[in-house]
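> what would the 3D arrangement of this be:
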Amino acid sequence: MTERAVLHAYVEHQAPGATVTLQIPREKWLALFTELTVESTEGKRADDRLLTAEEVAKRLRLSIAVVYRRAKRWPFTHRLGRKKLLISETGLNRWLERQR
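Numbering: from 1, shown residues only. Sure, this is the predicted structure:
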């Protein structure tokens, strides 16, 4: 069983609404969550890379603060706490296509 599967099983067995605190090194935490598999709009499973706010800021040539402000309106973002934001690469690419 992979570490990701073990983590998923642990979290799934917690009561709904429970706060889960895990002692996982930052690098391992990011590796686990940047490889998340999400459901695509077509109902098929697709691998979707999750980008950090810093990566998105660099890609869009914006400041990190602007990315955090805009993320409040983007449905393809994932908050992992007050200071951690992950953004779906697929969602960002679709949003960029619609902006053209």
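
> just give the number of residues close to the residue lying closest to residue 79 once chain neighbours are set aside.
With CB to CB, 6 or more residues apart in numbering as the criterion, residue 79 has its nearest non-adjacent residue at 5.9 Å, and that residue is residue 85. Bear in mind the C-beta positions are built from the backbone N, C-alpha and C, glycine included. Using other CB atoms under 10 Å, residue 85 has 21 other residues around it.

> shouldn't residue 85 be in contact with residue 76?
No. With contact defined as CB atoms under 8 Å, residue 85 does not count as touching residue 76 (11.2 Å).

> which strands and helices sit next to whichever helix or strand residue 95 is part of?
Using DSSP states H and E, residue 95 sits within helix 89-99. If you count contacts as 3 or more CB pairs under 8 Å, 6 or more residues apart in numbering; DSSP states H and E, helix 89-99 packs onto strand 50-52.

> so for the strand it packs on, mean pLDDT?
Throughout strand 50-52, pLDDT has a mean value of 90.

> now that strand: buried residues?
Residues of strand 50-52 classed as buried under the neighbour-count rule (16 or more other CB atoms under 10 Å) are 50, 51, 52.

> any chance of these in JSON lines, plus distance to residue 27?
Shown next, in JSON lines, are these (distance: CB to CB, whole Å):
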{"residue": "50", "distance to residue 27": "14"}
{"residue": "51", "distance to residue 27": "16"}
{"residue": "52", "distance to residue 27": "13"}
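
> beta partners of residue 52?
Listed beta-bridge partners, residue 52: residue 86 (assigned using DSSP bridges).
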